[in-house]
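K.L.:
Structure for the following, please:
(2 chains)
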Amino acid sequence: MSLYTELRNNISARFTEALLAARAAGELDFAAPPLFALEEPRERAHGDLAVNAAMLLAKEARKPPREIAGIILRRLRCEDAWIAETAVAGPGFINIRLDPAWLTGVLPEVLSAGPRYGASESGRGQKVQVEFVSANPTGLLHMGNARGAALGDSLAALLAFTGCEVEREFYINDTGNQIHNLALSLEARYFQLLGREGEIPENGYHGEDIAETARSIAARDGDLYLAWDAEARREALAAYALEEKVAGMRRALEDFGVRYDVWFSEKSLHESGYVRDTLRVLAEGGHICERDGAVWLKGADGEKDEVMVRSDGTPTYFAADIAYHRDKFARGFDRVINIWGADHHGHVARMQAALGALGLEPTALRVILMQFVRLIEGGETVKMSKRSGRYITLEDLVAEVGRDAARFFFLMRAPDSTVDFDLDLARSESAENPVYYVQYAHARLCGIIRHAQEMGLDVEQTPPPPVLALLSDPRERALLRQLAVLPEEIALAARLAEPHRLTGFVMELAGLYHSFYNHCRVLQAETDDLRAARLALVRGVRQAAANVLGILGVTAPERM
RNA sequence: GGCCUCGUAGCUCAGGUGGAUAGAGCGGGGGUUUCCUAAACCCUGUCUUGCGGGGGUUCGAAUCCUCCCGGGGCCA
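P.N.:
Numbers count the residues shown, from 1 in each chain, chains lettered A, B, ... in the order given. A predicted model of the protein is given here:
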């Protein structure tokens, strides 16, 4: 448990004790101690921590909040809890000022934990899957996929940092209607290349990438497929294209810093009979009905039924998806997190209901819906469509903006806010991207450590507490405090599955550091002890920044 | 028509379990370098009254409930 967490827990316990003691003495009347909050006041002048217990108790104890606060304070044991000063304020807050000395324990903690500082064991024993991107393999990865990639990868890293056993997975929709259309489109291009008649179907793929694939097929196999019967030919063409497309996506994602543990084929679910078996299980549970020649999943209370098997005998995408999720839990995951585009929101409730029908815990599946990315160019929204060919891919993005900036940008936003991505800004003024602000801080930190080494200073030893206590400048204390809070920030971000909190945290850390840098000399400090203390602070801040950037999947450069 | 989501400063956005005077970055204005990287720092919000609007719950609402308006999306 981190120093700060322990400190907070201890103070909370003291307040609970005080409440109970006051009740025992007949000073306060309540059934159970209220679930009070120990919060950090917005106004720094109010102190380090504030407790709202008195206000929560006012009604039940039938006393004014400020009076209750006074009673609590008279019963509060402050010794050995880092409480330096308490006061009743405002409507009945109990404000606490901490003994500044508590911060001297932070740096030894950071420096001894090193790359693990901020990590925890809270997720130990929990197996979690994060499934993200899972783009249709018929096209290229677009900006929405890029956002999902950044979010999913970082969330996986975050959960792993809290001790979870995490797997990253990509679901390949390698069967069904869109694959059929892909095959027809390829066939048409292929025919055209070989001087035959060929027409891309209405809802086929007109993009240049498909034409390119057809050319490489023709280059490799010539007119081989002309003689084949249509079905076999289409299957072969689609198989070739799929392999190529999936390999391309894998490459693009790896260039973006994302590696998957599992690439899962939808087709395999059909071929292994797992889809059929899943339908059987649903039928045995009485969740299936037949109507109009089709097989339906009965909707739960008031929801409408969903088609599982069409009247022509082919299972729907939904049927396969249910089988897929059944398979996930059969693989032993305690929690499954899916990152989907907001356009899939209608699918969430259905999917969870289906899990319930299978006897699985619906809440074990968490779906994070991402709003769309809107591209702006020349002040106008760029319309992207596969047909028009106006298409910015993940690769384009990495090439133009860079992997770090792109990832950082996506991770600055909460998933449920629509992102406007200004291409002109990203291209021409990319130096103004906040990612450089953070990376620059890291480079500056490294610069100092480098110079210290060149001066022959010891950059491995952590100075003893009396020396660390010299860090008394408000800027130094703000940095120490930010370091102390990191473990809780990470735990919170993990619990809420919101990596963007850490982006905010590391920007704040960088800001505090830049300010410190401009006001406090490290290597030219007034005394050797102060220099040693500041050097330890620099090492601690560097470590924390590097750890957070690591979770975000953004590099921490030593020089810029 | 039903459902999801968003609406916070000129712009882009943060703001767990409701808390005391609502923040950041960018942009605008003004400063800082014989010194560890100025990709930085400091000052400035009467830069037209910043939580879309109205009700409600509460000691207390940007946050919870409800209705309305507007952007985006899904389904019918």
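
K.L.:
show me the contacts for whatever residue of the stretch 101-250 of chain A ends up closest to RNA strand B.
P.N.:
With Cβ to the nearest atom of the strand, the shortest gap between the stretch 101-250 of chain A and RNA strand B falls at residue A:144, namely 10.9 Å. Where you see a C-beta, it was placed from the backbone N, CA and C, and this is true even at glycine. By Cβ atoms under 8 Å, 6 or more residues apart in numbering, the residues touching residue A:144 are A:341, A:370, A:372-373.

K.L.:
Go back to those residues and keep what's next to RNA strand B.
P.N.:
With Cβ under 7 Å from any atom of the strand as the criterion, these include residue A:372 near RNA strand B.

K.L.:
among the contacts of residue A:144, which ones are buried?
P.N.:
Among those, those scoring as buried are A:341, A:370, A:373 (criterion: 16 or more other Cβ atoms under 10 Å).

K.L.:
Was I right to think the second one contacts residue A:151?
P.N.:
What it means is residue A:370. Yes. Between residue A:370 and residue A:151 there is a contact at 6.6 Å, judged by Cβ atoms under 8 Å.

K.L.:
Give the residues shared as contacts by those two.
P.N.:
Counting by Cβ under 8 Å, 6+ apart, the residues touching both residue A:370 and residue A:151 are A:339, A:415.

K.L.:
Give me the distance between the helix or strand hosting residue A:405 and the centre of its chain.
P.N.:
Assigned by DSSP states H and E, residue A:405 belongs to helix A:403-412. In terms of Cα atoms, centre = their mean, to the nearest Å, the centre of helix A:403-412 is found 12 Å from the chain centre.

K.L.:
Next SSE downstream of it?
P.N.:
strand A:419-422.

K.L.:
outside of that following strand, which residues touch it?
P.N.:
With Cβ under 8 Å, 6+ apart as the test, strand A:419-422 has contacts from A:143, A:147, A:371-377, A:409-410, A:413.

K.L.:
The same query, at a cut-off of 6 Å, please.
P.N.:
Here strand A:419-422 makes contact (Cβ atoms under 6 Å, 6 or more residues apart in numbering) with A:373-376, A:413.

K.L.:
what's the answer for stretch A:253-271, then?
P.N.:
Applying Cβ under 6 Å, 6+ apart, the contact partners of stretch A:253-271 are A:149, A:153, A:167-175, A:275, A:320, A:323-324, A:398, A:403, A:553.

K.L.:
what's residue A:245 in contact with, if anything?
P.N.:
So residue A:245 contacts residue A:137 (Cβ under 6 Å, 6+ apart).

K.L.:
Helices of the stretch 451-560 of chain A, residue ranges please.
P.N.:
Counting by DSSP state H, counting those that start in this stretch, the stretch 451-560 of chain A has helices at residues A:465-468, A:474-496, A:500-519, A:528-552.

K.L.:
Residue A:392 and RNA strand B, how far apart?
P.N.:
17 Å (Cβ to the nearest atom of the strand, to the nearest Å).

K.L.:
So that residue: helix, strand or coil?
P.N.:
Classification of residue A:392 by DSSP: H, G, I helix; E, B strand; the rest coil places it in coil.

K.L.:
repeat for the one 5 residues further on
P.N.:
Secondary structure state of residue A:397, per three-state DSSP, is helix.

K.L.:
re the thing from before, could you single out the nearest of the contacts of strand A:419-422 to residue A:101?
P.N.:
Using Cβ to Cβ, the shortest approach to residue A:101 within these belongs to residue A:413, at 39.0 Å.

K.L.:
Kindly state the beta-bridge partners for the closest residue to that closest one other than its chain neighbours.
P.N.:
Leaving aside its sequence neighbours, residue A:413 sits nearest to residue A:419 (Cβ to Cβ, 6 or more residues apart in numbering; 5.3 Å). Bridge pairing for residue A:419 (DSSP bridges) gives the partners residue A:373.

K.L.:
need the contact list for the residue nearest in space to the middle of chain A.
P.N.:
By Cα atoms, centre = their mean, chain A has its centre lying nearest to residue A:155, at 2.9 Å. Contacts for residue A:155 (Cβ under 6 Å, 6+ apart) come out as A:130, A:497, A:499.

K.L.:
so which helix or strand takes in the first one?
P.N.:
By that I understand residue A:130. Counting by DSSP H and E, residue A:130 is found in strand A:127-131.

K.L.:
And the strands in the stretch 151-300 of chain A, which stretches?
P.N.:
Assigned by DSSP state E, counting those that start in this stretch, the stretch 151-300 of chain A shows strands spanning A:165-172, A:262-265, A:288-291, A:294-297.

K.L.:
Would you convert those strands into JSON lines that also reports mean neighbour count and distance to residue A:84?
P.N.:
As requested, the strands of the stretch 151-300 of chain A are exported to JSON lines (neighbours: other Cβ atoms under 10 Å; distance: least, Cβ to Cβ, whole Å):
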{"stretch": "strand A:165-172", "mean neighbour count": "21", "distance to residue A:84": "41"}
{"stretch": "strand A:262-265", "mean neighbour count": "16", "distance to residue A:84": "53"}
{"stretch": "strand A:288-291", "mean neighbour count": "14", "distance to residue A:84": "67"}
{"stretch": "strand A:294-297", "mean neighbour count": "20", "distance to residue A:84": "62"}
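
K.L.:
Serialize those strands to CSV and add fields for distance to RNA strand B and mean pLDDT.
P.N.:
Shown next, in CSV, are these (distance: least, Cβ to the nearest atom of the strand, whole Å; pLDDT from 0 to 100):
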stretch, distance to RNA strand B, mean pLDDT
strand A:165-172, 18, 97
strand A:262-265, 23, 97
strand A:288-291, 16, 89
strand A:294-297, 14, 90
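
K.L.:
Determine which of those strands approaches residue A:27 most closely.
P.N.:
Closest to residue A:27 of the strands of the stretch 151-300 of chain A is strand A:165-172 (Cβ to Cβ; 49.8 Å).

K.L.:
Quick one: list the elements packing against the closest one.
P.N.:
Helices and strands touching strand A:165-172, by 3 or more Cβ pairs under 6 Å, 6 or more residues apart in numbering; DSSP states H and E, are strand A:127-131, helix A:143-161, strand A:262-265.

K.L.:
From the rest of the structure, what touches that strand?
P.N.:
So strand A:165-172 is in contact with A:127-131, A:133-134, A:137, A:156, A:159-160, A:260-265, going by Cβ under 6 Å, 6+ apart.

K.L.:
on that earlier part again, for RNA strand B, which of the helices of the stretch 451-560 of chain A is the nearest?
P.N.:
Here helix A:500-519 is closest among those (Cβ to the nearest atom of the strand), at 3.3 Å.

K.L.:
How about that closest one and RNA strand B, touching?
P.N.:
Yes. Residues of helix A:500-519 contacting RNA strand B under Cβ under 7 Å from any atom of the strand: A:500-501, A:504, A:507, A:511, A:514-515, A:517-519.

K.L.:
Identify the farthest-apart pair in those.
P.N.:
Among the residues of helix A:500-519 next to RNA strand B, A:500 and A:519 lie farthest apart (Cβ to Cβ), at 29.5 Å.

K.L.:
These two: which is more packed in?
P.N.:
The neighbour comparison of residue A:500 against residue A:519 (other Cβ atoms under 10 Å) goes to residue A:500, with 20 against 11.

K.L.:
residues contacting residue A:544?
P.N.:
A:483, A:486.

K.L.:
switch the cut-off to 8 Å
P.N.:
With contact set as Cβ under 8 Å, 6+ apart, residue A:544 has these partners: A:110, A:117-118, A:482-483, A:486, A:509.

K.L.:
Nearest to residue A:424, out of those residues: which one, please.
P.N.:
Taking Cβ to Cβ as the measure, residue A:509 is the one of those closest to residue A:424, at 29.5 Å.

K.L.:
per-residue pLDDT, the residue lying closest to residue A:508 once chain neighbours are set aside?
P.N.:
Nearest residue to residue A:508, sequence neighbours excluded (Cβ to Cβ, 6+ apart): residue A:482, at 6.6 Å. For residue A:482, the pLDDT comes out at 93.
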